[in-house]
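Trainee: What would the 3D arrangement of this be:
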Amino acid sequence: MECVVLDIEKPPPEKLYTRFGVVLSTNCIHATRTCFPGGIGFLVEFTKNMLWFGMVFGLLEGWWLFSDGRDHVLADEAFWEQSMKGAGFEHVAMTGGSSKEAKTVRIITAFTEEAKTGPPQSWIRENWERSAVETVAFDTPDGDSLLIHGGVHVMLSRKGIRPKEVKHLLQHGVLPISVDYRLCPAANILHGPMTDVLTAYKWVRTLLPSLKLKASPILDIDSDRVAVVGWSTRGTLALSSSWAVAEPQSVKVPDVILAFCSPTDYQDECKFRLIRCYHVPPSKRATGGWMCPSDPRSDIILCVNWRGEMLPVLRNGLPSPETVRPDERHKFECLPLPLEEEITRFGPYAQIVSGAAQSPTYIVHGTKDDLIPWQQSVRTYEALQNAGIASNITILQDQPHLFNLFSDVTGENWQAVEKAYEFVLQRL
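Mentor: I've put the predicted structure just below:
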């Protein structure tokens, strides 16, 4: 018996040519930088990441030797197909199946000749179509799919989420879920956004783990640990889940809440400043990605802010123009303020002071926010502390509303976001 080292990153020695019909390799062949071309390739590969792999094998140098553009040593089906075809193989086939095991481990085979029977399944195309995002209807009253986001409760959709934060959560084993809700002013804030967010939250706690999600990179969804995160008015809705859920025979409150640049006190002096899934049409050249004076919903936001009528519209909504007679339209030119007890029903600060809120909470706000005074967040944090609720706050100097949409040359803003998510991850 002769023992030699075969480095598959280099062409094999001439003396080994024609001596073997099959070469078998076990473990970590995927950790090589390149493979000598030719022949037929068979791989048994994990195509879904399991976190414990990194905790164990990540201690080995060979686990990280890849240099082909992957984000992680374990690549998905589309990556293997694309890479093998890029290396010159004409046909790539993989095993499949409906079981969790079959979707986690696959036998991948690459051939130098094209398949002779029918067009093969393309994992590249399938991966592009699903794009790691899956749409699921969690509640469907009146035939509508209710799938949570910002936009002053009047605009935008679940697609307005931050890709960098989504990636950060996935890297830490947390599955992000973004949902739509019925928008104001067709529905008021209590019966539209807050009700739908509560429904979505209960759905995540009770039904989501039973679904078979095609796009999810996380194999087992643990609904016993749930965080609620939101930017701007989305953060207000996130905060509302801490008291709206706390009712008899209901699911438990969120394990942790994170709110960025969010209005928290609707009884503040600046309370006047402040359809489903709505974006300004591209042809109207929206400012900042979502506001445009010639757009009807943008016009609603601008109008109610100019006239100081945001609270009446949020609390009571507005009827459809088709249902209002011309002689009644003057009634909507000066809307009365809601009663104080009505405002407290959707005000996070008031609910915290009353003792209704329960969840640990982290707040982030910039001092140059021209929509929501950062002092609101400070008062809310102090109220959380006085109530004995685990909480923390980061105040970013000279940063505007939705600061993550702007250039972050120094990286300080992202460091603040990471610090906030560390608070979240410690409680999940």
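Trainee: Distance check, Val258 against Phe346.
Mentor: In this structure residue 258 is Leu, not Val. Distance, Leu258 to Phe346, using CB to CB, to the nearest Å: 19 Å. In this view, the C-beta of every residue, glycine as well, is placed from N, C-alpha and C.
Trainee: ditto for Ala390
Mentor: When Ala390 is compared with Phe346 (using CB to CB), they lie 23 Å apart.
Trainee: again, but for Val409
Mentor: Plainly put, Val409 is 37 Å away from Phe346 if you go by CB to CB.
Trainee: Name all residues that make contact with Lys86.
Mentor: Not quite, residue 86 is Gly, not Lys. Residues counted as contacts of Gly86 (CB atoms under 8 Å, 6 or more residues apart in numbering): none.
Trainee: so Gly62 sits in a helix?
Mentor: Yes: per DSSP: H, G, I helix; E, B strand; the rest coil, Gly62 lies within a helix segment.
Trainee: burial count for it?
Mentor: Other residues within reach of Gly62, judged by other CB atoms under 10 Å, total 13.
Trainee: Next: the one 5 residues further on.
Mentor: With neighbours defined by other CB under 10 Å, the count for Ser67 comes to 9.
Trainee: Read off the pLDDT value for it.
Mentor: Ser67 carries a pLDDT value of 80.
Trainee: separation between it and Val73?
Mentor: Taken as CB to CB, the span from Ser67 to Val73 is 11 Å.
Trainee: again, but for Val174
Mentor: Going from Val174 to Val73 by CB to CB gives 20 Å.
Trainee: all helices of the protein, in order?
Mentor: 51-56, 77-86, 100-104, 123-130, 163-171, 195-206, 233-244, 296-306, 310-316, 340-343, 348-354, 374-386, 412-425 (DSSP state H).
Trainee: And the contacts of the last one?
Mentor: This points to helix 412-425. Applying CB under 8 Å, 6+ apart, the contact partners of helix 412-425 are 164-165, 168-169, 172, 174, 227, 229, 256, 258, 260, 360, 362, 364, 392, 394, 396, 399, 403-404, 408.
Trainee: got the buried residues for that helix?
Mentor: Asn413, Ala416, Val417, Ala420, Tyr421, Phe423, Val424, Leu425 (16 or more other CB atoms under 10 Å).
Trainee: and that helix with helix 163-171, angle?
Mentor: 30 degrees (axes from the mean of the first three to the mean of the last three CA atoms, to 10 degrees).
Trainee: Export helix 412-425 to CSV, keeping only CA atoms.
Mentor: What follows is helix 412-425, C-alpha atoms only, in CSV (Å, rounded to 0.1, in the frame of the first residue of the first chain):
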residue,chain,number,x,y,z
GLU,A,412,-21.4,55.1,14.1
ASN,A,413,-25.1,54.8,13.1
TRP,A,414,-24.8,51.1,12.3
GLN,A,415,-22.9,50.5,15.6
ALA,A,416,-25.9,52.1,17.4
VAL,A,417,-28.3,49.8,15.5
GLU,A,418,-26.1,46.7,16.3
LYS,A,419,-26.1,47.7,20.0
ALA,A,420,-29.9,47.9,20.0
TYR,A,421,-30.2,44.5,18.4
GLU,A,422,-27.8,43.1,20.9
PHE,A,423,-30.3,44.1,23.6
VAL,A,424,-32.9,42.2,21.5
LEU,A,425,-30.8,39.1,20.9
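Trainee: number of nearby residues for Cys261?
Mentor: Neighbours around Cys261, by other CB under 10 Å: 27.
Trainee: Mind putting the helices of the chain into CSV with distance to Gly62 and mean pLDDT?
Mentor: As requested, these are exported to CSV (distance: least, CB to CB, whole Å; pLDDT from 0 to 100):
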stretch, distance to Gly62, mean pLDDT
helix 51-56, 13, 82
helix 77-86, 19, 85
helix 100-104, 22, 82
helix 123-130, 26, 50
helix 163-171, 21, 84
helix 195-206, 39, 85
helix 233-244, 42, 84
helix 296-306, 55, 57
helix 310-316, 57, 67
helix 340-343, 61, 76
helix 348-354, 50, 91
helix 374-386, 47, 95
helix 412-425, 28, 94
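Trainee: Where does pLDDT dip in the chain?
Mentor: 1, 8-9, 20-39, 117-160, 184, 212-220, 246-249, 269-324, 328-339 (pLDDT under 70).
Trainee: mind listing what Met194 touches?
Mentor: Leu237, Ser240, Ala244, Phe346.
Trainee: Just give the nearest non-adjacent residue to the second one, would you?
Mentor: If the residues on either side of it in the chain are set aside, Ser240 comes closest to Met194, at 5.4 Å by CB to CB, 6 or more residues apart in numbering.
Trainee: Same check on the third one?
Mentor: Nearest non-adjacent residue to Ala244, counting by CB to CB, 6+ apart: Leu198, 5.0 Å away.
Trainee: quick one: contacts for that neighbour?
Mentor: Ser240, Ser241, Ala244, Val245.
Trainee: What's the local residue count around Glu341?
Mentor: Counted with other CB under 10 Å, residues neighbouring Glu341 total 8.
Trainee: again, but for Ala200
Mentor: If you count neighbours by other CB under 10 Å, Ala200 ends up with 25.
Trainee: which residue packs closest to it, ignoring adjacent ones?
Mentor: Val179 (4.4 Å).
Trainee: ok so, going back, could you point out which of the buried residues of helix 412-425 is nearest to Arg205?
Mentor: Val424 (16.8 Å; CB to CB).
Trainee: can you tell me how far that closest one sits from Val256?
Mentor: The gap separating Val424 from Val256 is 5 Å, by CB to CB.
Trainee: Count the neighbours of Phe89 for me.
Mentor: When neighbours are defined as other CB under 10 Å, Phe89 has 21 of them.
Trainee: That concludes my questions; thank you for your assistance.
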